[in-house]
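In: The following comprises the amino acid sequence and a computationally predicted model.
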Amino acid sequence: MLELIRAGGWPMIPLLLMSAVALGIIVERFWSLRPARILPPGLGDEVRAWVARGKPLEAAHIDSLRSTSPLGALLAAALDVRQRSREEIRERVEDVGRHLVHRMERFLNTLGTISSAGPLLGLFGTVVGMIEMFLGILDHGIGDASQLAGGIGKALVCTAAGMLVAIPALAFHRYFRGRIAGYIVDMEHEAIRLMDVLDAPAGSPAPAAAPARAATPKKR
């Protein structure tokens, strides 16, 4: 492995750095986008039952809800303006939702950049290696054909390394995008159900809980 890295030359250094950054982002996003952290089980039902009882909602309780999770922050945003019209509540939920999506997509642009730049940087390293090899031929002649083939093989190491960095980065970038899209759908569903409870007369029973849905979307 070390021999291959040395064969690739100095362009292998940024490729190795990019691979380390991509690995760190993937691990961090897996931890931050856990279903239990984004959509705590039963939180939506608990909040709807809380509202349906018709008791006064204290600011401290809403702030506590906001700090629990992104879903809690979205539901708290609806409760902040619960006395307003449904359209105004929807606008507040959409505004807060955009901020939550931006937070959930943290580092994904960097991961996408790595997936695009990896092959280009690998190709650049190969071109640099080929230039150096042909300059050597210009100075010393072709010599042994096997040495020429070995030089070409070493130059192609950077291209292979660039693909090894880019393919996992691209795959996980698309995977996290799909997971976030699934979370958005579930969070919108919970917010709409809460708005239905807010529209209902005070003291009326909360709607029956919908069948449990998987927090993680299906792979695309």
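Out: Structure received. Residues are numbered from 1 along each chain as shown.

In: Which parts of this structure are helices?
Out: 2-8, 12-32, 35-38, 43-52, 59-66, 70-80, 86-104, 108-140, 145-155, 157-199 (DSSP state H).

In: I'd like the ones you listed written out as TSV, with mean pLDDT and mean neighbour count added.
Out: C-beta here means a position set from N, CA and C on the backbone, and glycine is covered the same way. Converted to TSV, the helices of the chain look like this (pLDDT from 0 to 100; neighbours: other C-beta atoms under 10 Å):
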stretch	mean pLDDT	mean neighbour count
helix 2-8	68	14
helix 12-32	93	16
helix 35-38	93	15
helix 43-52	89	19
helix 59-66	88	14
helix 70-80	92	22
helix 86-104	92	15
helix 108-140	83	16
helix 145-155	64	14
helix 157-199	92	18
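
In: Ramachandran angles for R34?
Out: With angles defined as degrees, to the nearest 10, R34 sits at phi -60, psi 140.

In: show me the contacts for the most centrally placed residue in the chain.
Out: By C-alpha atoms, centre = their mean, the chain has its centre lying nearest to F176, at 4.1 Å. Applying C-beta atoms under 8 Å, 6 or more residues apart in numbering, one finds that F176 lies in contact with R29, L33, E105, L108, L111.

In: Tally up the residues packed near the third one, please.
Out: Here the count is done by other C-beta atoms under 10 Å, and E105 has 15 residues near it.

In: again with the second one
Out: Using other C-beta under 10 Å, L33 is surrounded by 20 other residues.

In: Spatially nearest residue to it (excluding sequence neighbours)?
Out: R179 (5.8 Å; C-beta to C-beta, 6 or more residues apart in numbering).

In: if I look at the one you found, how far off is E94?
Out: 21 Å (C-beta to C-beta, to the nearest Å).

In: hang on, K154 packs against V128?
Out: No. Taking contacts as C-beta atoms under 8 Å, K154 lies outside contact range of V128: 11.4 Å.

In: residues contacting the nearest residue to S67 once chain neighbours are set aside?
Out: The spatial neighbour of S67 that comes closest, neighbours along the chain excluded (C-beta to C-beta, 6+ apart), is A73 at 7.8 Å. By C-beta under 8 Å, 6+ apart, A73 lies in contact with R66, S67, V96, L100.

In: measure L156 to L121 for me?
Out: Counting by C-beta to C-beta, the gap from L156 to L121 is 14 Å.

In: likewise R34?
Out: 32 Å.

In: do the same with W10
Out: 11 Å.

In: surely the residue nearest to L33 meets R34?
Out: No. Contact criterion C-beta under 8 Å: R179 and R34 do not qualify, at 10.1 Å.

In: can you list residues touching both of these two?
Out: Contacts common to R179 and R34, judged by C-beta under 8 Å, 6+ apart, are absent.

In: show me what contacts L135?
Out: So L135 contacts nothing (C-beta under 8 Å, 6+ apart).
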